[in-house]
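Next come a sequence and a model predicted from it.
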Amino acid sequence: MSYHFPTVQEMGENIYFPLEISRVYVDPRNIVASRPDNFERYVFLTSFNESFESNWSNPPGAFGQLNPSYKYSQTNRKIQMSFKLPARNVLDSKSNLDFCSKMAKLVYGNYSVQVEDINQGNLVLLPQLAIDSTQQTTLGSVRYNFEGALFNIKVNFGNLIQNEFAFFTNFSFTPNFDAGVFEYNKAKVDGINKGVGEYQDEKAAQGYSSELLPDAHVYHNNEGVVYPKEIEVSISFTVLHDYPLGFGGPRRPGEPLKWAQNKNKDWPHGTPESYPKLEYMSPDPSPALLTPQQTPSSPAPTPTTSTTTSPHHRYTTVSGSTVNYIIDSGGNIVIVD
């Protein structure tokens, strides 16, 4: 993690959790690995809004149909969060700006760069970071090829966002100039032929000490540059789940009222291990691991007096009450009084 003011670093390590952003890729063997350009920062959260929006279509119904027909298509999970990045010294502010620069890049796509080799007359594929203004004038024309949006981003923020894939739709960066800035200062230090900013930057590079305490580093030596003492950030992104969501499914044979994920995990925000998991999220034996003689545990059927040919099932809720239900011919769960 980049530099944090000591009190913030200590608070984060002992109490809080950072906002972590990572880029992942899948190699030819289909192994997911983290890229080395991951970054994280302790943020001061000011707002957190999470919405789960289900999409339904309304196809035309039969003439005279009393109730309209609806078909479920999908659910989108969208998150908006705002936070502040305060800075107590120059190095803290630089780290905040570096974090924001990396965040801003998340709303752009992936590009490859091809440079025309003047001598050979063909196109050479080069990494984008290898291209600078000098190469562009000596090698010839540069072509940027769009390779697609960034869908390989993962976000982790404690139990609120549990290492989820996401694509970013908005990044807002607002320096709070009312809070002030850290300024360039070339005034000479008494007895030393150096400016105040140059002297403080050198001492900070050597490590803060009694000669320069962390909160005394308030000037720098970069002329024409200001470092904000506080930045307000807002981000928006849509979560892309790489695991099954909903109820039932092939991972829950015989358990249509259990969460499809089939992991001992309270989704989406989780609870500590000391807190009992919700019963409908408790794990069952994986179907792939069952022998032909084995079947997953399922609620025992109860006698039925209904005229339907589908047997009744009983489900015990967390509170201990029971719910009787049947599965109709369309695979739908029908609660029976």
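Here it is on my side, so go on. Numbers count the residues shown, from 1 in each chain.

how much space between Phe83 and Ile161?
13 Å (CB to CB, to the nearest Å). Where you see a C-beta, it was placed from the backbone N, CA and C, and this is true even at glycine.

Repeat that for Tyr70.
Distance from Tyr70 to Ile161, by CB to CB: 30 Å.

quick one: which of the two has more around it?
Ile161 (21 against 10; other CB atoms under 10 Å).

check contacts around the nearest residue to that one once chain neighbours are set aside.
Excluding its sequence neighbours, the residue lying closest to Ile161 (CB to CB, 6 or more residues apart in numbering) is Val155, at 5.1 Å. Shown in contact with Val155 (CB atoms under 8 Å, 6 or more residues apart in numbering): 19-21, 161, 163-164, 166, 237, 239.

The residue nearest the centre of the chain sits in which helix or strand?
Per CA atoms, centre = their mean, the C-alpha nearest to the average position across the chain is that of Val155, at 2.0 Å. Using DSSP states H and E, Val155 maps to strand 153-157.

Parallel or antiparallel, which strands does that strand pair with?
Strand 153-157 pairs in its sheet with strand 19-26 (antiparallel), strand 161-175 (antiparallel), by DSSP bridges.

Columns mean pLDDT and distance to Gly224 on top of these, output as TSV?
Shown next, in TSV, are the strands paired with strand 153-157 (pLDDT from 0 to 100; distance: least, CB to CB, whole Å):
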stretch	mean pLDDT	distance to Gly224
strand 19-26	83	30
strand 161-175	94	16
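
returning to that earlier point: so what sits opposite the residue nearest to the centre of the chain in the bridge?
Beta-bridge partners, per DSSP bridges, of Val155: Ile21, Glu164.

mind checking how far it is from Ile21?
Taken as CB to CB, the span from Val155 to Ile21 is 6 Å.

what pairs with Glu50 across the strands?
Assigned bridge partners for Glu50, using DSSP bridges, are Ile79.

correct me, but it touches Phe157?
No - under the criterion of CB atoms under 8 Å, Glu50 makes no contact with Phe157, lying 11.0 Å away.

Neighbour count: those two, which is higher?
Between Glu50 and Phe157, Phe157 has the larger neighbour count (other CB under 10 Å), namely 21 against 14.

What are the neighbouring residues in contact with that one?
Counted by CB under 8 Å, 6+ apart, Phe157 has contacts 17-20, 81.

Equivalent analysis for Ser234, please.
80-82, 170-172, 174.

at 10 Å what do you get?
Ser234 sits next to 46-47, 80-83, 170-174 when contact means CB atoms under 10 Å, 6 or more residues apart in numbering.

rewinding a little: got any residues that touch both of Phe83 and Ile161?
What both Phe83 and Ile161 touch, as defined by CB under 10 Å, 6+ apart, is the set 19, 48.

which regions of the stretch 101-250 of the chain lie under the pLDDT threshold?
Applying pLDDT under 70 to the stretch 101-250 of the chain flags the ranges 115-141.

got a winner among the contacts of Ser234 for most neighbours?
Going by other CB under 10 Å, Met81 tops those with 21 neighbours.

Please identify which helix or strand holds that one.
Per DSSP H and E: strand 71-86 holds Met81.

quick check: mean pLDDT across that strand?
Strand 71-86 carries an average pLDDT of 94.
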